[in-house]
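Visitor: give the three-dimensional model of this entry:
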Amino acid sequence: MQKEFNRIVLMSMIPWVFGSARQEIYVQPLQSAPLLTTSIIRSDRHPTLDRIAFTSFGKELVVVESATLRAMFSYPQLPNSLAAVRFSPNGMLITARIDGQINFWDVEKKTMVKSMTAHTGGLLDGAIDRQGNMILAGGDNALKVYDMKNMTDVFSVSLSPENIASFALHPN
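Guide: The predicted model follows:
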């Protein structure tokens, strides 16, 4: 078990896994690299682009190339911790902060391009539809759907007095 939670270890299960006479399984780590100064709490991998985003308890944000773990983008001290990090289909990184802000990052230009207040209280999670048109943000005992193009609130539902812990969008 990997004990250093502020490091990423890429592992391959095949062909580097082998068994011993004592029926133990060994996995050979392919790479290990320090990423953040504190424990990783959220991450997301873009399905087609070679990148992974990480955030930590220390309010850090790092995007690395999947294959090499080379840092593409780093923001060492965010104003607040992140509740979610998600890549849109076009590669934009979208982060949901615990203070209710949603930020849109251009990883290639290494800058925040948009910001919006999604909730008056904290956000607990966020999701993006497969086409990259809608964002689902949850917090304040409510779920809200936003149109990504014009940043408008399309739909919202109050779940009070229930607390939202996590959610996802159906792929269809």
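
Visitor: in this structure, what spans have low per-residue confidence?
Guide: 1-33, 162-165, 171-172 (pLDDT under 70).

Visitor: okay, which residue is most central for it?
Guide: Nearest to the geometric centre of the chain sits Val85, at 2.5 Å (C-alpha atoms, centre = their mean).

Visitor: I'd say it and Ile52 touch.
Guide: No - shown here, Val85 and Ile52 do not form a contact pair, counting by C-beta atoms under 8 Å, at 9.5 Å. No exception for glycine: its C-beta is placed from N, CA and C like everyone else's.

Visitor: circling back to that earlier point, pairing-wise in the sheet, spell out the partners of the residue nearest to the centre of the chain.
Guide: Thr95 (DSSP bridges).

Visitor: list the contacts of it.
Guide: Arg42, Ser43, Asp44, Ala53, Phe54, Thr55, Leu61, Leu93, Ile94, Thr95, Ala96 (C-beta atoms under 8 Å, 6 or more residues apart in numbering).

Visitor: which residues are common contacts for Val85 and Ile52?
Guide: Ser43, Asp44.

Visitor: torsion angles phi and psi at Ser56?
Guide: phi -130, psi 170 (degrees, to the nearest 10).

Visitor: find the nearest non-adjacent residue to it, please.
Guide: Excluding the flanking residues, the one nearest Ser56 by C-beta to C-beta, 6 or more residues apart in numbering is Leu36, at 4.0 Å.

Visitor: so which strand or helix has that neighbour?
Guide: Element membership of Leu36 [criterion: DSSP states H and E] is none; it lies in no helix or strand.

Visitor: one step back: gap between the residue nearest to the centre of the chain and Asp147?
Guide: Noted for Val85: a distance of 21 Å to Asp147, by C-beta to C-beta, to the nearest Å.

Visitor: same question, Val107
Guide: Val107 is 22 Å from Asp147, by C-beta to C-beta.

Visitor: what do you get for Arg45?
Guide: 25 Å.

Visitor: coming back round to it: between Val107 and Asp147, tell me which one has more neighbours.
Guide: Neighbours were counted for Val107 and for Asp147 using other C-beta atoms under 10 Å; Val107 has more, 17 against 13.

Visitor: for that one, what are its contacts?
Guide: Contacts of Val107 by C-beta under 8 Å, 6+ apart are Arg51, Val63, Met72, Phe73, Gly91, Met92, Leu93.

Visitor: so which of those belong to strands?
Guide: Counting by DSSP state E, the part of the contacts of Val107 found in strands is Val63, Met72, Phe73, Leu93.

Visitor: and the third one, how many residues sit next to it?
Guide: When counting by other C-beta under 10 Å, one arrives at 18 neighbours for Phe73.
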